[in-house]
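Asks: give the three-dimensional model of this entry:
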Amino acid sequence: LLLLQWEAKRKVSTLLDAQGAQIFRLGTFNADPHPGNVFLTTGKGGRLGLLDFGCHKSLTPLERVRLARLYVALADHDEEAIVAAAIDMGVRTKSMDRSVILDFAVHFFDRDVAPLSPPAFLLSLRARDKITSLPHEYMLVARSSLLLRGLGGKLRAPQQCARSWEGEARRYLRNYEGGA
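Replies: Below is the predicted model of the structure:
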C-alpha cells in the first residue's frame, strides 16, 4: 500500500509538472485535466497520457508573464507580491480588500485556504468583500489547479501548484525579460 501511495504521489506530481510545462513553455494547455482525461499505460514504468484537448486555453506572452509573477509570489509566500500580481491580472473587489484578493489567489491558483467547494469559498469571500472582476483569461488555469489538486487529494497525495510550477514560472520570466 505504501508503494502504491508513493506511486500515486509521483504520478500526480508528474501531471502537475506537465501542466506547468504546457502553461509556461507552450502557452497553451489542456484546461480539463480530470481523471477521465488522463490514462496510465501498462508496461514497465507506466507512462501518463493526456486525452481530450477539446477544452484548452492559450495564453499570450504577457498573460504568461503576469501568471508567472503570481506563481513565483505564491511559491515565495510573499503576500504583498501575490496581491499585486492578482491585481495586475485583473482581480478586483468592491473595497479592494487585500485579504480577500490574497485568499482568492491562493485558494484558486495554489492550495486550499479552507475546506470548501469553489462556489462555497467564493460565497465566503463575498461575505467579506464582493469580488467585482475576475480575470477570465486565467480562470481555466485556476480550474486546472483545482482539478489537479482535487485528484491529488483523492489519492491522498496533496499538492500545491506553486511548488510544482515555480521552476517553469521563473524560467519563463528569465527568458521573457532576457528577450524583452
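
Asks: CA atoms for contacts and neighbours, from now on please.
Replies: Will do.

Asks: which stretches in this structure count as helices?
Replies: 2-21, 61-76, 79-89, 98-109, 118-128, 139-154, 161-179 (DSSP state H).

Asks: helices or strands up against the fourth one?
Replies: Spelled out, that is helix 98-109. The helices and strands touching helix 98-109, judged by 3 or more Cα pairs under 8 Å, 6 or more residues apart in numbering; DSSP states H and E, are helix 79-89, strand 92-93, helix 118-128, helix 139-154.

Asks: repeat the analysis, applying 6 Å as the threshold.
Replies: Here helix 98-109 touches helix 139-154, going by 3 or more Cα pairs under 6 Å, 6 or more residues apart in numbering; DSSP states H and E.

Asks: chain center to the helix it packs on, what's the gap?
Replies: On the basis of Cα atoms, centre = their mean, to the nearest Å, helix 139-154 sits 7 Å off its chain's mean C-alpha point.

Asks: kindly report the same for stretch 19-38.
Replies: Distance, centroid of stretch 19-38 to centroid of chain: 10 Å (Cα atoms, centre = their mean).

Asks: burial of residue 178, as a residue count?
Replies: By other Cα atoms under 10 Å, 8 other residues sit near residue 178.

Asks: look up how far residue 172 lies from it.
Replies: Noted for residue 178: a distance of 10 Å to residue 172, by Cα to Cα, to the nearest Å.

Asks: now stretch 97-111 - C-alpha only, CSV.
Replies: Presented in CSV, the C-alpha positions along stretch 97-111 are these (Å, rounded to 0.1, in the frame of the first residue of the first chain):
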residue,chain,number,x,y,z
ASP,A,97,-9.8,44.2,0.5
ARG,A,98,-6.3,42.8,0.2
SER,A,99,-7.0,39.8,2.4
VAL,A,100,-9.9,38.8,0.1
ILE,A,101,-7.7,39.2,-3.0
LEU,A,102,-4.9,37.1,-1.3
ASP,A,103,-7.3,34.3,-0.2
PHE,A,104,-8.8,34.2,-3.7
ALA,A,105,-5.4,33.9,-5.4
VAL,A,106,-4.1,31.3,-3.0
HIS,A,107,-7.2,29.2,-3.0
PHE,A,108,-7.9,29.2,-6.7
PHE,A,109,-4.3,29.1,-8.1
ASP,A,110,-2.3,27.2,-5.5
ARG,A,111,-3.6,25.4,-2.4
